[in-house]
Structure formats: structure tokens, C-alpha cells
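Visitor: below are the sequence and a predicted model for it; my questions follow.
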Amino acid sequence: MSSSLHSILAVLHALTGAVWLGAMCYSFFILHPRAHTFFTKEADFESFIATVSRGARWKVLGALGLIALSGAGLVVVRWPDPFSVTWLVLIGLKAALLIAAVGLFVYVSWRLWPARLFATPEEIGHFQRTFRRVAIVMMTLAALGMTLGILSHTG
């Protein structure tokens, strides 16, 4: 049972993380650049992005929660095995990265996003640059977390 549960949790954890990272990469590298080519006014682009993004907050938070729960489940299922110091450090760093990503996402969702929605035309460029920087940080956090998870199984 423990092996089956471990496999189910590992697949759920990996797939949820992959979907999260993939969605961010699609938005950053495909959606935003292509959408920009269709709009001559930044305000129209902003309206489009607001429409496309509507309701995503809770889906992302749900995905992050599923990543956290499945990760915690993986730790519990593995608990009887002896832990190495390297494994503990990798999993600790992975958890810290996820906490940082959740904190950043909450800040963006409840502080930066509303400010962007009500930005004046002069402020739009600033918010677009800020969101690009945040997106790069979020993708980096997700990719590093996934890398640490893989490394924790190779040593």
C-alpha cells in the first residue's frame, strides 16, 4: 500500500507542478507576446489580460495547495526510511521555495493585480514590467522546486 500511495502522490505532485510551470511559461512566452501584437492601445491589452485572467487566482491557489499536500504526503509516506542530511536539505529548500511562491502569488493577487487594474495610462508600462519580473521569479521558483524534487530522488 505504501508503495502504491507513494506512486500516486508522486505522480499527482509532479503533474500538478508541471501544469503550474507550464501555464506560467505559456502565459509569459506565448499568450502575452502574441496578445500584444493584436492591440494597438495598452488599455485594450490590459482589458484582454484582465478578462483572460479572471478566476485564475483560486485555480492557482488550489494547484499550489495540491502541490503542498501531495508533497507533505510524500514526506509522510517516506517517513519510515532513514533520512539523509542531503535529502532533508533538498526537501527543506523545496518547501521554502513553495512557501515563497505562495507568498509572492498572494502579494501579486491581492496587491499588485488590483493596482494594475486601476492603473492610469501612464502607470501601465510600470505594472507590465513589474509583472514580467514577477513572472520570471515565479517560473524560477517553480523550476528550482521541481529540480530539487528530482535531485532528492537521485541521491
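Guide: Right, received. Where do you want to start? Numbers count the residues shown, from 1 in each chain.
Visitor: mind listing residues that contact the helix or strand harbouring Ser7?
Guide: Take DSSP states H and E as the rule and Ser7 turns out to sit in helix 2-26. Residues from elsewhere that reach helix 2-26, judged by C-beta atoms under 8 Å, 6 or more residues apart in numbering: 60, 63-64, 66-67, 70-71, 73-74, 77-78, 80, 135, 138-139, 142-143, 145-146, 149. (C-beta placed from N, C-alpha, C; glycine too.)
Visitor: tell me which of those residues fall in helices.
Guide: The helices, defined by DSSP state H, take in 60, 63-64, 66-67, 70-71, 73-74, 77-78, 135, 138-139, 142-143, 145-146, 149 from those.
Visitor: how about Arg116: what's its closest non-neighbour residue?
Guide: Leaving out its chain neighbours, the residue that sits closest to Arg116 by C-beta to C-beta, 6 or more residues apart in numbering is Phe127, at 4.2 Å.
Visitor: need the pLDDT of the one you found.
Guide: Looking at Phe127, its pLDDT stands at 97.
Visitor: was I right to think it contacts Trp113?
Guide: No - in this structure, Phe127 is not within contact of Trp113 by C-beta atoms under 8 Å, at 9.1 Å.
Visitor: tell me the mean pLDDT over stretch 23-37?
Guide: 97.
Visitor: now that stretch: buried residues?
Guide: Neighbour counts over stretch 23-37 (16 or more other C-beta atoms under 10 Å) mark Ala23, Met24, Ser27, Phe28, Leu31, His32 as buried.
Visitor: same deal with stretch 49-64?
Guide: Using 16+ other C-beta under 10 Å as the test for burial, stretch 49-64 gives Ile49, Val60, Leu64.
Visitor: elements contacting the helix or strand containing the first one?
Guide: Following DSSP H and E, one finds Ile49 within helix 42-53. Packing contacts for helix 42-53, counted by 3 or more C-beta pairs under 8 Å, 6 or more residues apart in numbering; DSSP states H and E, involve helix 32-38, helix 113-117, helix 124-152.
Visitor: right, I'll leave it there.
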